[in-house]
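K.L.:
Have a look; sequence and predicted model below, questions after that.
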Amino acid sequence: MCSLLCCACLPRMAGTEGQAAVDAQVPASDNQSESVFHLKRKSNDIGWNWGSLCDPNDKNRLKCLLCGNENSGGINRFKQHLAHEGTAVVHCTKVTDEIKKKVQRRS
């Protein structure tokens, strides 16, 4: 089985794992020249622009696409990571002021 989730390999993937991988593929960023995909939930939350699921079976474990930090508190806690809010969250070291403001406005 290839690592690209091509049409030939999808029928061989087990049950919902294969479907979750297909449903969750979205472009990582509009401004990147290469085609990079990451797993996300079916949500319009702004946090998914900079985070992805570490494991399709664990809906609360996210990885920051900016600094690589893994967070196990769900999308709200991940947005605190990006916005540098809260005391029980490791703050993102690579977030820009523009991203911080966007996340703070929509939280």
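P.N.:
Perfect, I can see it now. Numbers count the residues shown, from 1 in each chain.

K.L.:
Does residue 54 lie in a helix or a strand, and which?
P.N.:
strand 51-55 (DSSP states H and E).

K.L.:
Please name every helix or strand in contact with that strand.
P.N.:
Judged by 3 or more CB pairs under 8 Å, 6 or more residues apart in numbering; DSSP states H and E, strand 51-55 is in contact with strand 37-39, strand 58-64, helix 74-83. C-beta here means a position set from N, CA and C on the backbone, and glycine is covered the same way.

K.L.:
want to try TSV for these, with distance to residue 52 and mean neighbour count as columns?
P.N.:
Formatted as TSV, the helices and strands packed on strand 51-55 follow (distance: least, CB to CB, whole Å; neighbours: other CB atoms under 10 Å):
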stretch	distance to residue 52	mean neighbour count
strand 37-39	3	16
strand 58-64	6	17
helix 74-83	10	22
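
K.L.:
mind putting those in a markdown table, mean pLDDT and distance to residue 104 included?
P.N.:
What follows is the helices and strands packed on strand 51-55, written out as a markdown table (pLDDT from 0 to 100; distance: least, CB to CB, whole Å):
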| stretch | mean pLDDT | distance to residue 104 |
| --- | --- | --- |
| strand 37-39 | 60 | 23 |
| strand 58-64 | 91 | 16 |
| helix 74-83 | 93 | 5 |
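
K.L.:
Right, I'll call it a day here.
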